[in-house]
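J.: show me how the following folds:
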Amino acid sequence: MGLEDDFLLADADDEKTIEFIKNYLPQELKEKFSDDELYYFLDLIDEYYSESGILDAQPDEDGYVNIDLEEVVAYIVKEAKKDEVGEYDPEEVLFVVQGEMEYGNSLGQVD
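T.: Numbers count the residues shown, from 1 in each chain. Model prediction:
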């Protein structure tokens, strides 16, 4: 598979992730975030995972890696403000992070 195919697969997976998150969000937040914002959050989640070392962490005896969702949310809120994308309520962003995590779990991935 070529590099272009990898990008197409990643885009398709991102689309599915965004749809899952939109369905996961509570009713009052469904219209709050644009698709562009959700894609931006997804990029920041991936960035956090790769920069925090969480991808290299050793799973516990049950095979799980403990991820502090509040740290992920704090990272997103801080980066969004720094990038001048906007200021976000951490409690609202938490639902997006939880939705991304639930999507991964639904695929059998352990985030």
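
J.: and Ile21, how many neighbours does it have?
T.: Residues lying near Ile21 (other CB atoms under 10 Å) number 23. Quick note: C-beta positions are derived from backbone N, CA and C, even for glycine.

J.: what about the strands in this structure?
T.: Chain-ordered strands for the chain, with DSSP state E as the definition, do not occur.

J.: now the helices for it?
T.: Defined through DSSP state H, the helices belonging to the chain, from first to last, are 3-24, 35-52, 69-82, 90-106.

J.: kindly reformat the ones you listed as CSV containing mean pLDDT.
T.: Output for the helices of the chain, formatted as CSV (pLDDT from 0 to 100):
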stretch, mean pLDDT
helix 3-24, 71
helix 35-52, 93
helix 69-82, 96
helix 90-106, 93
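
J.: redo the ones you listed as TSV? Include distance to Glu61.
T.: Supplementary listing: these in TSV, determined by distance: least, CB to CB, whole Å:
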stretch	distance to Glu61
helix 3-24	29
helix 35-52	22
helix 69-82	21
helix 90-106	19
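
J.: of those, which approaches Asp62 most closely?
T.: For these, distance to Asp62 was read as CB to CB. The smallest value, 13.7 Å, belongs to helix 90-106.

J.: and the angle from that closest one to helix 69-82?
T.: Computed with axes from the mean of the first three to the mean of the last three CA atoms, to 10 degrees, the direction of helix 90-106 lies at 120 degrees from that of helix 69-82.

J.: for helix 90-106, give me every contacting residue.
T.: 16-17, 20-21, 24-26, 29, 32-33, 38, 41-42, 45, 67, 69-70, 72-74, 76-77, 110-111 (CB atoms under 8 Å, 6 or more residues apart in numbering).

J.: for stretch 13-30, same thing?
T.: Applying CB under 8 Å, 6+ apart, the set of residues contacting stretch 13-30 from outside is 32-33, 35, 38-39, 42, 92, 95-96, 98-100, 102-103, 106.

J.: at 6 Å instead, please
T.: Contacting residues not belonging to stretch 13-30 are listed as 38, 92, 95-96, 99, 102-103 [CB atoms under 6 Å, 6 or more residues apart in numbering].

J.: fine by me, thanks again.
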